[in-house]
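# make a model of this:
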Amino acid sequence: TWGAAVEVDDVTLAGLATVGEMCGQALGRARVIDQARRDAVTSRLLAGLAEAAATAATADEVARRLVDRAGDVPGATSTHIGLLTDDRRALSVIHQGLGVDDARVDVRGLDRPWPMLDAFRRNDIVLLGDLDAVRARYPSIVEGMQETELEALASLPLVGTDGVPFGVVTLAWASPQRFDAGQATTLQATADLCASSLERARATDRAHAGTSSLATLATHLSAASSFDDVGAAIVAHATRALSADFALVGVVEGQHLRLLAPEAPSLGPLAPYLETDLSGDFPALAALRERRLVTFPSLDDIAAADPRVADDLAALGLRAAACAPLIDAAGAASGVFVVLWVTSPTFDEALSARIRAVADLCAQSIERSRLFDAEHRVRRDLERTVLPPPPRMDGLEVATRYEPATAAVGMGGDWYDAIALDDRRMCLVVGDVSGHGAGAVATMTQIRTVVHTLVVGGMTLPDVLMRTSAMLQRDRLGYATVLLAVVDLALGAIDYVT
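Below is the predicted model of the structure:
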């Protein structure tokens with residue numbers, strides 16, 4: 001502008017154009033420099049945010065580190081990070097920057113009208129630049145924002161590598177925001193860094209939890225001594241090791257597969273499958289026949305094998321499954337391990353390896369249970385033969401109890417006997433053979449038979465001991481201790497030797 005009228009000729013116009021061009025270039029350079037400075041600051045803040053997250057040990061610690069510092073990147077006043085709960089029904093939200101309630105945690109159901117929840121449900125960013133924008137979409141939160149002196153907010157979903165959101169970061173400001181392209185880029189970079197840091201931490205937490213849960217499962221399986229005990233341990237502890245919702249095991253018995261499932265009203269749809277023919281279409285039988293891990297990522301995959309099973313699993317809210325064969329020490333398929341999910345997991349090699357590991361534990365436990373059952377039958381037969389109930393005698397009550405020191409076979413070298421000599425006299429025998437295990441049991445049955453025969457034959461108690469001792473020396477059966485006592489009801493006396 002000029003203070004007086006002038007004639008604007010071509011020279012003046014050319015000069016003005018040159019000045020304008022120089023000003024434009026100067027402003028352009030200034031903008032570039034300012035943007036570079038902002039980018040450098042943003043980069044430093046993002047690097048600091050990443051470093052803070054990297055030094056945290058658990059997903060919860062990572063979330064708290066991020067909520068403390070994420071707002072620094074876009075210059076926000078407060079930060080809020082919500083993560084999907086294990087039951088996938090709500091977000092567990094950590095708040096920071098609101099004063100007295102800093103670092104508090106609350107749980108918000110996914111059905112509530114809230115910017116953070118909308119960002120999660122829609123997997124899309126929610127930008128509210130001022131209170132008018134907030135009032136138009138979420139009138140119920142305007143009062144709360146005014147009380148905390150906040151005027152703008154942005155909610156961005158935290159998306160995993162599978163493209164599915166697992167949480168949300170919300171940033172709020174004390175002044176209105178334009179949310180231009182540059183700021184949007186910064187916000188997205190902040191959300192991406194939070195997502196990657198939290199996803200790594202959650203994966204580490206799951207790995208640690210899986211290892212711990214696997215150890216817990218192994219402990220309970222090692223204590224299981226029957227098929228039902230194995231089934232109960234699997235139902236109670238296998239799911240945590242695999243981040244699953246239900247698990248059970250089936251064992252081959254003859255021409256059938258018997259599922260070791262607990263009795264519960266909620267598991268009613270499983271009742272038709274508790275015992276299935278090995279020649280049927282039950283999906284788990286595929287793993288048994290093919291002797292490999294078989295996965296069913298969706299109900300459609302299950303329905304392709306057996307539509308009825310797919311319908312019954314859907315009634316239980318289950319949507320995916322995996323089945324692994326149980327291979328015993330002889331290399332035979334002795335059963336199948338079945339694991340089920342409400343939401344289909346990523347069937348990667350890591351999950352497959354964990355499923356196989358649990359299946360191996362189950363196979364060992366099933367085999368051990370079979371041995372236990374066989375040993376239990378041996379014990380029952382031995383007790384029936386070697387430790388019969390004492391004979392009855394009027395005026396005399398005899399009580400017996402046999403408690404083995406080891407559960408391996410259920411018996412050792414100890415024995416007892418009760419022999420009715422007549423209707424008023426009873427001979428009681430308690431003995432112990434040196435040694436342990438099956439050899440001691442065999443020696444004990446020989447000695448017991450000799451003692452019983454000699455007593456029934458009318459030999460005196462001292463002679464019974466001498467003849468038995470001579471037999472032990474002759475046959476090199478080791479040694480034994482024994483007490484023989486004759487209870488005489490007519491005389492009211494007891495004669496004994498040892």
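# CA only for contacts and neighbour counts going forward, please
Will do.
# tell me where the chain has helices.
Defined through DSSP state H, the helices belonging to the chain, from first to last, are 10-54, 59-69, 115-122, 131-137, 142-147, 181-223, 227-242, 284-290, 299-305, 307-315, 349-386, 437-456, 461-474.
# out of those helices, which comes closest to Ile327?
Across the helices of the chain, the minimum distance to Ile327, taken as C-alpha to C-alpha, is reached by helix 349-386, at 5.9 Å.
# now the closest one: average pLDDT?
For helix 349-386, mean pLDDT is 77.
# circling back: nearest to Ala321, of the helices of the chain?
Of all the helices of the chain, it is helix 299-305 that lies closest to Ala321, at 8.0 Å by C-alpha to C-alpha.
# for the closest one, packing partners?
In this structure, helix 299-305 makes packing contacts with helix 307-315, strand 320-327, judged by 3 or more C-alpha pairs under 8 Å, 6 or more residues apart in numbering; DSSP states H and E.
# list of residues touching the shortest one?
What it means is strand 320-327. Among residues not part of strand 320-327, those counted as contacts by C-alpha atoms under 8 Å, 6 or more residues apart in numbering are 284, 287-288, 291-299, 302, 333-345, 355-356, 359-360, 362-363.
# what does stretch 228-236 give?
Identification of contacts with stretch 228-236 by C-alpha under 8 Å, 6+ apart yields 217, 220-221, 224, 246-249, 260-262, 362, 365-366.
# now do stretch 290-306
By C-alpha under 8 Å, 6+ apart, stretch 290-306 touches 281-283, 286-287, 309-311, 314, 319-325, 333, 344-345, 347, 352, 356.
# stretch 467-478 now?
Residues from elsewhere that reach stretch 467-478 (C-alpha under 8 Å, 6+ apart): Val433, Ser434, Thr443, Ile447, Val450, Val451, Tyr479.
# mind pulling up the pLDDT for the third one?
Which is Thr443. At Thr443, the pLDDT value in this model is 81.
# I'd say it and Gly431 touch.
No - applying C-alpha atoms under 8 Å as the test, Thr443 and Gly431 come out as separate, 11.6 Å apart.
# between those two, which has more neighbouring residues?
In terms of neighbours (other C-alpha atoms under 10 Å), Thr443 is the more surrounded of Thr443 and Gly431; the figures are 21 against 18.
# ok so, going back, please identify which of the contacts of stretch 467-478 is nearest to Tyr496.
Using C-alpha to C-alpha, Val451 is the member of the contacts of stretch 467-478 that sits closest to Tyr496, with 14.0 Å.
# thinking again about what came up before, and the contacts of stretch 228-236 as CSV, adding distance to Tyr496 and neighbour count?
Written out in CSV, the entries for those read as follows (distance: C-alpha to C-alpha, whole Å; neighbours: other C-alpha atoms under 10 Å):
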residue, distance to Tyr496, neighbour count
Leu217, 53, 23
His220, 48, 18
Leu221, 48, 24
Ala224, 44, 20
Phe246, 62, 20
Ala247, 60, 25
Leu248, 58, 24
Val249, 56, 31
Leu260, 53, 20
Ala261, 55, 21
Pro262, 54, 13
Cys362, 53, 31
Ser365, 48, 26
Ile366, 48, 29
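# could you dump these into JSON lines with distance to Asp463 added?
Formatted as JSON lines, the entries for those read as follows, by distance: C-alpha to C-alpha, whole Å:
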{"residue": "Leu217", "distance to Asp463": "57"}
{"residue": "His220", "distance to Asp463": "53"}
{"residue": "Leu221", "distance to Asp463": "52"}
{"residue": "Ala224", "distance to Asp463": "48"}
{"residue": "Phe246", "distance to Asp463": "67"}
{"residue": "Ala247", "distance to Asp463": "64"}
{"residue": "Leu248", "distance to Asp463": "61"}
{"residue": "Val249", "distance to Asp463": "59"}
{"residue": "Leu260", "distance to Asp463": "57"}
{"residue": "Ala261", "distance to Asp463": "59"}
{"residue": "Pro262", "distance to Asp463": "59"}
{"residue": "Cys362", "distance to Asp463": "55"}
{"residue": "Ser365", "distance to Asp463": "50"}
{"residue": "Ile366", "distance to Asp463": "51"}
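# from the residues you listed, which has minimum pLDDT?
Minimum pLDDT for the contacts of stretch 228-236 is recorded at Pro262 (58).
# using CSV, write out every CA atom in stretch 269-287.
Coordinates of the C-alpha atoms in stretch 269-287 are reproduced here as CSV (Å, rounded to 0.1, in the frame of the first residue of the first chain):
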residue,chain,number,x,y,z
PRO,A,269,-25.6,-81.2,23.7
LEU,A,270,-22.5,-83.4,24.1
ALA,A,271,-24.5,-86.3,25.6
PRO,A,272,-25.0,-88.1,22.2
TYR,A,273,-21.2,-88.1,21.6
LEU,A,274,-20.0,-89.5,25.0
GLU,A,275,-19.6,-92.9,23.2
THR,A,276,-19.3,-93.0,19.4
ASP,A,277,-18.6,-95.8,17.0
LEU,A,278,-15.1,-95.7,15.5
SER,A,279,-16.5,-96.1,12.1
GLY,A,280,-18.7,-93.0,12.4
ASP,A,281,-18.4,-89.4,11.1
PHE,A,282,-17.7,-87.7,14.4
PRO,A,283,-15.1,-85.0,13.4
ALA,A,284,-12.6,-86.0,16.2
LEU,A,285,-12.2,-89.5,14.6
ALA,A,286,-10.4,-87.9,11.7
ALA,A,287,-7.4,-87.2,14.0
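# rewinding a little: need the buried ones from the contacts of stretch 290-306 selected in PyMOL.
This is how PyMOL selects the buried members of those, with burial counted by 16 or more other C-alpha atoms under 10 Å:
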select buried, resi 282+283+286+287+309+310+311+319+320+321+322+323+324+325+333+344+345+352+356
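# show me the residues around Ala152 that make contact.
With contacts defined as C-alpha under 8 Å, 6+ apart, the neighbours of Ala152 are Leu128, Gly129, Asp130, Leu131, Val134, Ala172, Trp173, Ala174, Ser175, Pro176, Gln177.
# what's the separation between it and Pro345?
Ala152 sits 37 Å away from Pro345 when distances are taken as C-alpha to C-alpha, to the nearest Å.
# where does the stretch 351-498 of the chain dip in pLDDT?
Judged by pLDDT under 70, the stretch 351-498 of the chain has its weakly predicted residues at 373-385, 404-412, 436-438.
# go again with 80.
366-388, 402-413, 434-442, 477-478 (pLDDT under 80).
# with the stretch 151-300 of the chain instead?
Flagging of the stretch 151-300 of the chain using pLDDT under 80 yields the residue ranges 203-218, 220-232, 235, 260-271.
# what about 70?
Residues of the stretch 151-300 of the chain meeting the criterion pLDDT under 70: 206-207, 209-210, 261-268.
# restricting to C-alpha, output stretch 160-174 in CSV.
The C-alpha coordinates for stretch 160-174 follow below in CSV (Å, rounded to 0.1, in the frame of the first residue of the first chain):
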residue,chain,number,x,y,z
GLY,A,160,-3.6,-56.4,15.6
THR,A,161,-1.6,-57.9,12.7
ASP,A,162,-4.7,-60.0,11.9
GLY,A,163,-6.7,-56.8,11.2
VAL,A,164,-9.0,-57.3,14.2
PRO,A,165,-9.1,-54.6,16.9
PHE,A,166,-8.2,-55.6,20.4
GLY,A,167,-8.5,-52.2,22.1
VAL,A,168,-8.7,-48.4,21.7
VAL,A,169,-6.6,-45.4,22.5
THR,A,170,-8.5,-42.2,23.2
LEU,A,171,-6.8,-38.8,23.5
ALA,A,172,-8.5,-35.6,24.7
TRP,A,173,-7.5,-31.9,24.6
ALA,A,174,-8.4,-28.9,26.7
